[in-house]
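Chemist: Build me a model:
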Amino acid sequence: MDLLKFLNTILIPVVDIILVGIMLYYAYKLVRGTAAINIFLGFLIIYIIWWLTELVNMPILSNILGGFISVGVIALIVVFQQEIRKFLLLLGSSNFTNNKNIIKKFNLLFRISKKQTSMNIDELINACEIFKKNKTGALFIIERNNSLDFVRSSGDQLNLEISSPIIESIFFKNSPLHDGAVIIEGNFITGARIILPVSENENIDSRLGLRHRAAFGITEKTDALAIVVSEEKGKISFIINGEIQAFKDIESLKSMIEAEMT
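Modeler: Below you'll find the predicted structure:
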């Protein structure tokens, strides 16, 4: 009986508050940097005021704000339709069946060798260095746990083992595959000419082009890694979770990729 009382009076309310806090944090993270952040904060402020009016027993103001909130929920679905779509997309792309760690644990069952599952980072880095010198624009998306099938279907599906000459031929300016992104899964290029969702984050440097915005977009929605080679300056950018990661030299970049892939 005491245990049941403890659960009802202390533990469950604490868990309830923690879960609401987590939900609000991820909702804020989802809309951070977009125009929707101001709407989100405004609705949150109104909800807090409504909660306070309920607490201090102010029925008139409470009823007005309560009515606004009940109608506002429908309005929020319309206003936040892109963010809701993004959340559902992220949820769907990170489900149990798409988790690559599961496949890795059953390598013997599927007869996948270590050579096939480990990316040849040296070949990728070599190609990036060549593109940097030649100022050839390129965009590489490295798949990790979240499946990228929802964007892979937008381009041409391939099954090519990673090598610097193959990567160079894909991004050769007269190649039909050079426009768009390349998806890398394990040690294979599994997609080229891929169309990616562009980030709507308003905090992104306006000097960055569509390749960078596409890299930000896909890394915001999934746990994929992105490497961008700028066509204008030949600069290499490494992007994780919608943020550019600084590195000193090409060896540092290689170490960072290796650390993220383990």
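Chemist: ok, and the closest non-adjacent residue to L160?
Modeler: Spatially, and ignoring its direct neighbours in sequence, L160 is nearest to I189 (4.5 Å; CB to CB, 6 or more residues apart in numbering). Quick note: C-beta positions are derived from backbone N, CA and C, even for glycine.
Chemist: contacts for the one helix or strand that neighbour maps to?
Modeler: Element membership of I189, judged by DSSP states H and E, is strand 188-194. The contact list for strand 188-194 (CB atoms under 8 Å, 6 or more residues apart in numbering) reads 116, 141, 143, 148, 151-152, 154-162, 166-167, 170, 176-184.
Chemist: what angle sits between the helix or strand following it and strand 188-194?
Modeler: Once the chain leaves strand 188-194, the next helix or strand it forms, by DSSP H and E, is helix 210-221. Computed by axes from the mean of the first three to the mean of the last three CA atoms, to 10 degrees, the angle separating helix 210-221 from strand 188-194 equals 120 degrees.
Chemist: Does anything pack onto the helix or strand following helix 210-221? Which helices or strands?
Modeler: Toward the C-terminus, helix 210-221 is succeeded by strand 225-229 as the next helix or strand (DSSP H and E). If contacts are counted by 3 or more CB pairs under 8 Å, 6 or more residues apart in numbering; DSSP states H and E, strand 225-229 sits against helix 121-134, strand 138-142, helix 210-221, strand 236-240, helix 250-261.
Chemist: ok, the nearest residue to N134 once chain neighbours are set aside - contacts?
Modeler: Leaving aside its sequence neighbours, N134 sits nearest to G234 (CB to CB, 6+ apart; 7.5 Å). With contact set as CB under 8 Å, 6+ apart, G234 has these partners: 131-136.
Chemist: Identify the residue spatially nearest to D122, adjacent ones excluded.
Modeler: K254 (7.6 Å).
Chemist: Likewise for S163?
Modeler: Nearest to S163 is E123, by CB to CB, 6+ apart, at 5.2 Å.
Chemist: beta partners of I183?
Modeler: Counting by DSSP bridges, I183 forms beta bridges with I141, G191.
Chemist: show me the contacts for it.
Modeler: 141, 143, 148, 151-152, 189-192, 194.
Chemist: now the residues you listed: which count as buried?
Modeler: Buried subset of the contacts of I183 (neighbour count, 16 or more other CB atoms under 10 Å): 141, 143, 148, 151-152, 189-192, 194.
Chemist: Adding distance to I244 and pLDDT, write the residues you listed out as a markdown table.
Modeler: Output for the buried ones among the contacts of I183, formatted as a markdown table (distance: CB to CB, whole Å; pLDDT from 0 to 100):
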| residue | distance to I244 | pLDDT |
| --- | --- | --- |
| I141 | 15 | 95 |
| E143 | 20 | 92 |
| L148 | 20 | 87 |
| V151 | 21 | 88 |
| R152 | 24 | 87 |
| I189 | 23 | 93 |
| T190 | 25 | 92 |
| G191 | 23 | 92 |
| A192 | 24 | 92 |
| I194 | 20 | 92 |
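Chemist: for these, which one is nearest G42?
Modeler: Among the buried ones among the contacts of I183, V151 lies closest to G42 (CB to CB), at 32.7 Å.
Chemist: quick one: that closest one and A214 touch, right?
Modeler: No. Applying CB atoms under 8 Å as the test, V151 and A214 come out as separate, 9.7 Å apart.
Chemist: from the contacts of G234, which is closest to L225?
Modeler: F131 (16.9 Å).
Chemist: Pull the number of nearby residues for the closest one.
Modeler: 21 (other CB atoms under 10 Å).
Chemist: Give me the domain ranges for this protein.
Modeler: Split into domains by automatic domain parsing, the chain comes to 2-93, 112-261.
Chemist: Apart from its chain neighbours, what residue comes closest to K233?
Modeler: Using CB to CB, 6+ apart, the closest residue to K233 is K135 (7.3 Å).
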